[in-house]
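Chemist: Okay, structure incoming, though there's no sequence with it:
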DNA sequence: ATAATTTTGAAAGTTATTTTCAAAAATACG
DNA sequence: CGTATTTTTGAAAATAACTTTCAAAATTAT
């Protein structure tokens, strides 16, 4: 029952008549091995250490697949490139505007209040994003 | 003391040695007259009803000025173009993923919880974004 | 093996801005 | 008020960050 990401991806590929490739395997493994928020370019350079022939587009497409089968989330913090993170238990983000570091937080009380607000307007929540921007403790010292 | 947006912009222009132009006046007035979230293109077409010679770039640049002097906020909901809204009392957004309508909400209890979370990590909040995505009551009926 | 499909990587195309540049407008100066 | 100086403007070119296209290469089916 607790399938690994690779197994979930495999099933997804089969269910869609898609193929198994060396590139998809390497990219997926690298993505799940690293546990940070990654830009496409970052994952690309990690993956190229293992196989220099892999191109940007393949990493991009593989991340789209991971998103489609629910194994990854794409985040757009501030401007610029988006970041991808492993799907897992829910959490929100606290982003330092100086160093770019990202801390995660979670608070059931906030989720509860959100639900109340939505219910009052008869709005059906599909997802949400809650990001706190500011200065992390390390950067405040400088 | 309670200066109008135009006055605040004027002071800002003077303080930076910038000039007063007919275009800036029209664009700013239109922006503050309408009270929705506006795309650059939307504001452009409103403004062109008053002066068809005004170009996209001037609207864009004027909005950047309004942002710089704190009179406007730029929002990036989902993908696509960004929206600009008047700065004013704080509120967050509830966005319908079907029709794109935007409702505003505000909840001091959530703000309070946020502050608590930040304090615990010794994080100094500068701003935040909190967006709820889902289906508005009207779209649910279809 | 061979045929039928899907993938891949490079290059071209998109979208939404941003920047550049020469002409036009605004303020400063005499 | 005219002229000089600087800033603006609008059109067009440039960027950033994807997204799509296409012919060659890799997979899977037969």
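Modeler: Looks like it came in fine. It should be emphasised that the depicted structure is a prediction, and the values quoted were computed from it without experimental measurement.
Chemist: In contact with residue A:134: list those residues for me.
Modeler: Under the criterion of CB atoms under 8 Å, 6 or more residues apart in numbering or on different chains, the contact list for residue A:134 reads A:94, A:95, A:96, A:97, B:118, B:123, B:124, B:125, B:126, B:127. The C-beta positions use only the backbone N, C-alpha and C, and glycine is treated the same way.
Chemist: do that again at 10 Å, thanks
Modeler: The contact partners of residue A:134, taken as CB atoms under 10 Å, 6 or more residues apart in numbering or on different chains, are A:94-98, A:140, B:118, B:123-128.
Chemist: Dump those residues to JSON lines, plus distance to DNA strand C.
Modeler: Formatted as JSON lines, the contacts of residue A:134 follow (distance: CB to the nearest atom of the strand, whole Å):
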{"residue": "A:94", "distance to DNA strand C": "23"}
{"residue": "A:95", "distance to DNA strand C": "18"}
{"residue": "A:96", "distance to DNA strand C": "21"}
{"residue": "A:97", "distance to DNA strand C": "16"}
{"residue": "A:98", "distance to DNA strand C": "20"}
{"residue": "A:140", "distance to DNA strand C": "27"}
{"residue": "B:118", "distance to DNA strand C": "27"}
{"residue": "B:123", "distance to DNA strand C": "26"}
{"residue": "B:124", "distance to DNA strand C": "25"}
{"residue": "B:125", "distance to DNA strand C": "23"}
{"residue": "B:126", "distance to DNA strand C": "19"}
{"residue": "B:127", "distance to DNA strand C": "17"}
{"residue": "B:128", "distance to DNA strand C": "20"}
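Chemist: was I right about residue A:14 contacting residue A:69?
Modeler: No: applying CB atoms under 10 Å, one finds residue A:14 not in contact with residue A:69, separated by 11.3 Å.
Chemist: Same drill for those two, tell me which one is more crowded.
Modeler: residue A:69 (17 against 11; other CB atoms under 10 Å in any protein chain shown).
Chemist: Report pLDDT for the closest residue to the more buried one other than its chain neighbours.
Modeler: Closest residue in space to residue A:69, ignoring its immediate chain neighbours: residue A:12 at 3.9 Å, by CB to CB, 6 or more residues apart in numbering or on different chains. Looking at residue A:12, its pLDDT reads 95.
Chemist: Now do the helix or strand where residue A:12 lies: everything it contacts.
Modeler: In the assignment (DSSP states H and E), residue A:12 maps to helix A:5-15. With CB under 10 Å, 6+ apart as the test, helix A:5-15 has contacts from A:3-4, A:18-21, A:24-25, A:28-29, A:31-32, A:62, A:65-66, A:68-72, A:86-87.
Chemist: quick one, phi/psi of residue A:40?
Modeler: Main-chain torsions, residue A:40, degrees, to the nearest 10: phi -60, psi -50.
Chemist: Please read the previous query as pertaining to residue A:33.
Modeler: Here residue A:33 shows phi and psi, under degrees, to the nearest 10, equal to phi -70, psi -40.
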